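**Student:** Starting from these lines, generate the structure:
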Amino acid sequence: MTQDPTIREQTYPYFLQEAPELLQALEQGLLNLRENWGINQVNDLMRVTHTLKGAATSVGLETIATVAHSLEDIFKALCQPDLVIDPEVEALLFEGFECLRLPLVAELTGGSIDQAEILDRAAAIFARLQEKLGDFFGREAYLPTSAELGFDLTQSLFEIGVTQRLEQIATILDNGQPEEIATLLRTQAEVFLGLAESLNLPGFGAIAQTVLAALDNHSDQAVFITQLALRDLQAGHAAVLAGDRIQGGEPSGELQQLAEKITEIETNFVTSGIETGNELDIPTLESIWGQQTIPVEPILEQQIEEFIQHNSDANVEPDPSAIYNSPQPKQSVSPFNPLPPKEQVSPSPTVRVSVKHLNQLNYSIGELVTNHNHQSLQTEQLQASSKTLLNQIKQHQKLLIQLQDQYKRQASPTNSRKKARKASKTMRSSTIVPTQSHSWTQPGDNAYLIQSLLDHTVQLAETAEAIDLLTRASQQTSQKQQQLLKITQGALIEARMLPLGEIFGRFPQILQQLETLYNKPISLQLHGNEVLVDKAVAEKLFDPLLHLVRNAFDHGIEPVIVRQQRGKPEKGEIKISAYHQSRYLVIEVQDDGNGLDFDQIRQRAVERQLISLEQANSLNQIQLIDLLFESGFSTASQVNDLSGRGIGLDVVRNQLKSLRGSITVDSELHQGTKFILQIPLSLTIAQLFICEVNHKTYAFLDDAVEQILIPRSHQIQERNGNKFLRWGKEMDEKLVPIYSLASILDYNSPIPLSHPPTPTSPLPVLLIRWQDALFGLEVEQLIGEQELVISPLGSMIAAPSYVHGASILASGQLALVIDGGILLQKVLAKQYDVQTSKVWAKSIPSLLPPSPKQPLLTQSHTVVPALSASNSDVKAGARILIIDDSLTTRQSVAIALQKAGYYVFQAQDGHKGLEQFQHLSDIQLVICDIEMPRMNGFEFLRSRQQIPGLADIPVLILSSQSSEKHRLLALQLGATVYMTKPYMEQKLLAMVANLLERAT
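**Tutor:** Numbering: from 1, shown residues only. All right, here's what the predicted structure looks like:
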């Protein structure tokens, strides 16, 4: 197999990582084969062997590929239900596996082996297996059912085999000659026909049969037939992948016409014009001019062509290339996305609603949320008061009962006799004679009064209990109202918002057409399809995004020849990404093309007399980028139909300004360009954490708060006047810097802030995760979490950038809404001197709206925040990326490197490291760990090969794994040096200096 050495070198590290896993899976499968004999197990072995064979072939390891191919043939023979594996066959299988294992291990470990001897040994073993298997070997392969396999066989065949063959057709259609196209299409159609018969998919078979008939009838229209065939086959392919197991698509009317026997071809343009307009209710030319056949003059023919072109909805047979390049609303040939299955879905009834009414509804829902919070708080207070009242009544009742018991004891017979004797003495000495005897039941008696009070107390208790029940019922009603309110909020969001995928989904077909028209291979990557955006915003986003995509295709992506000369893949790449960053929607349109030529921008600006030559020479890159947004400015030598459609970058920026957004550019010559669109979110209702500082209430966006805790005294430490939180357990413990919220808020307040006394116990701390590090914000009191309406402060108040707005709490208090990430960004930026601040400002992610002349700062750039002011001596030096999941290790290495004068960036795993690479094109060295979550060091070494221009950057592996196996594998995957922890600082610095010197 002939292959570009560069491609082999790029593929080889993948093989080194994949092969050990495949070899282990193959060995384990053979060990369990006799015990767990079945078609599924044999299919697994065959699939692993096939994958290994393909991988070895891709990197030019012929011996491994040959042995794997022979072993795959043996496994195919084992796919027979009536075959019995005896011990001799099992032993021969392991002998064959050993013939595969030996050269693989030698390749993985860098050893040598006699390949001829291995091939001779394998040939002898497989010959014995063929003899042992007898008639089973070479028999037509048994096709098990999906139930026997345990998976959908049809799905698997279409996902792998059919997909690959359709890709081959699409590829040769773009680059091949008509004869080659016809030959390949016929071959694939014959395969599809047999496959359809085996899988009982008559529709898919009919497409293949129709294709063969069309080729027989019109061999001179191979390209046109291939275009139609590919469209129909892709539609059938998509239907099967979507679950169709009955039909598998159907041939289109155009393809069926070509398959019919044609005895006479009409040359008159009018009578041969419209034949296939059954699907559209559009009048034909005959219905306009009648059924006459008249001679067509050249001028009339031209007019008819113009008319038909103008009325392009009519189903007229145009030029084949025009058919292929035109949009196909029902069935489109697209290498970017497979065609979705055709579904008969009745459209939902819709009505148009003005944005003004939606805004009013949104405002009303916000007011309902605020009022509901008030009502909920009042209900809670009422319930608490009713419980307090009930408890007080019960306590009062107990006191009355005690009083009654005491009175009864005093009124007992013993006490009565004593009182009688005392009373007789009193009466003898008294001149007043009582007229009535003392009675317990008399209304004026004390006992009667006590009993009456008890009765009234019971009634009061019953009333209080009724109030409590009503309060609980009111609370349940309030909870139901809250649920309904959330449903209403969701309905409003659904009515007002839509996923960006509905916008992004329109670009693949556009790029597919551009690829065909301009013969420039391109791939499109879409990320963030699920991100929601306001429909009013989405309507204004498509045009600028379309211009940026076309601009990237036209001016960014180079021709194939140029890309080959620059060592890039022939197929260019455009990537559209969307994500939420703090309170902004960020959309990136990036290409891996030519990048901006700033010298050319200077020249064009002088030619258009926008600036003088002296001014041009004095402009920096940011100012030159700003020239791109001048009206009518272009670096192209001539305007074409591709990107010169009346929408320039100035219009793009103006449209974004109408959305209160901005656009910035990041570019590197011959590496690509990235346009970053930043649009503020219309966030009105959110979950907020409420706290209090200096008797003032603040609310934090919950997406920035990692955790809330009240630390113990031993967890707080102070160093050099700074406060830290001991966070974590044992070996994972780290020091988290703590900042007092009261001391870092710098907005101007007309009311002087009081200074409360120093607390004797630790205060509550909000842990804020910013990038990959934790920081603590110390507050005086935690109030709780509430769903609140965020209202803008308006232009009359000059609020700091970290203030997101204001919210009215359930208690009626006003609270400022703070973005913890932006607040910490401002705090950390103040800790550095002027020189370090320049690095910080260039590298940390900007969560603030960028100025018109300042490029947007990306999310992945992270300068290490030191815990001291020693960074003032940092000198301008090389830029080094540290990838390690241990923050302590990253910090210790970073400090050592910063002391030596290097600029340091950090990532917590391989995935984050690759993101850093996307934004930091001038990284000169990577220091990477092996054991990391998400993407370890081996995966990082493998994955970085996919990013052009990064394979040559030296990588120093710094790992605690000291085994020779880890070292060899890392070096085979592309690591430059392998060092182990713990390390000597001077030795590490010497190795870093050596690697940087060798790289230059």
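**Student:** residue contacts, L766?
**Tutor:** F689, C691, F700, V705, Q707, I708, G776, L777, V779, G820 (Cβ atoms under 8 Å, 6 or more residues apart in numbering). (Each C-beta comes from the backbone N, C-alpha and C, glycine too.)
**Student:** Output those as CSV; include the columns neighbour count, distance to A970 and pLDDT.
**Tutor:** Output for the contacts of L766, formatted as CSV (neighbours: other Cβ atoms under 10 Å; distance: Cβ to Cβ, whole Å; pLDDT from 0 to 100):
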residue, neighbour count, distance to A970, pLDDT
F689, 21, 44, 83
C691, 24, 47, 88
F700, 26, 43, 85
V705, 18, 38, 79
Q707, 12, 36, 80
I708, 16, 41, 83
G776, 26, 37, 86
L777, 26, 40, 86
V779, 23, 46, 87
G820, 25, 38, 78
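**Student:** Among those, which ones are in helices?
**Tutor:** Counting by DSSP state H, the contacts of L766 place G820 in helices.
**Student:** From the contacts of L766, pick the one nearest E718.
**Tutor:** Nearest to E718 among the contacts of L766 is G776, at 13.2 Å by Cβ to Cβ.
**Student:** Can you tell me who that closest one pairs with across the strands?
**Tutor:** On the basis of DSSP bridges, G776 takes part in beta bridges with I738, L767.
**Student:** on that earlier part again, could you list which of the contacts of L766 belong to strands?
**Tutor:** Within these, residues falling in strands by DSSP state E are F689, C691, F700, V705, Q707, I708, G776, L777.
**Student:** distance of the fifth one from F689?
**Tutor:** When you say that, I think you mean Q707. 11 Å (Cβ to Cβ, to the nearest Å).
**Student:** Any stretches of the stretch 501-650 of the chain with poor pLDDT?
**Tutor:** Applying pLDDT under 70 to the stretch 501-650 of the chain flags residues 513, 517, 582-583, 631-632, 634-648.
**Student:** Could you pull out the strands in it for me?
**Tutor:** Taking DSSP state E, counting those that start in this stretch, the strands of the stretch 501-650 of the chain run over residues 522-527, 532-534, 572-581, 584-591.
**Student:** Tell me which of those is the most buried.
**Tutor:** Sort those by mean neighbour count, taking mean count of other Cβ atoms under 10 Å, and strand 584-591 sits at the top with a mean of 23.
**Student:** angle of that one against strand 572-581?
**Tutor:** 170 degrees (axes from the mean of the first three to the mean of the last three Cα atoms, to 10 degrees).
**Student:** Restricting to C-alpha, output strand 584-591 in PDB.
**Tutor:** Only the C-alpha atoms of strand 584-591 are listed here, as PDB (Å, rounded to 0.1, in the frame of the first residue of the first chain):
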ATOM      1  CA  TYR A 584     -22.800  36.800  27.200                       C
ATOM      2  CA  LEU A 585     -23.500  34.500  24.200                       C
ATOM      3  CA  VAL A 586     -20.200  33.900  22.400                       C
ATOM      4  CA  ILE A 587     -20.100  32.600  18.800                       C
ATOM      5  CA  GLU A 588     -16.800  31.700  17.200                       C
ATOM      6  CA  VAL A 589     -16.300  31.300  13.400                       C
ATOM      7  CA  GLN A 590     -12.900  29.800  12.900                       C
ATOM      8  CA  ASP A 591     -11.000  28.400   9.900                       C
END
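**Student:** And that strand, what does it pack against?
**Tutor:** For strand 584-591, the packing partners by 3 or more Cβ pairs under 8 Å, 6 or more residues apart in numbering; DSSP states H and E come out as helix 535-551, strand 572-581, strand 672-680.
**Student:** do that again at 10 Å, thanks
**Tutor:** Judged by 3 or more Cβ pairs under 10 Å, 6 or more residues apart in numbering; DSSP states H and E, strand 584-591 is in contact with strand 522-527, strand 532-534, helix 535-551, strand 572-581, strand 662-668, strand 672-680.
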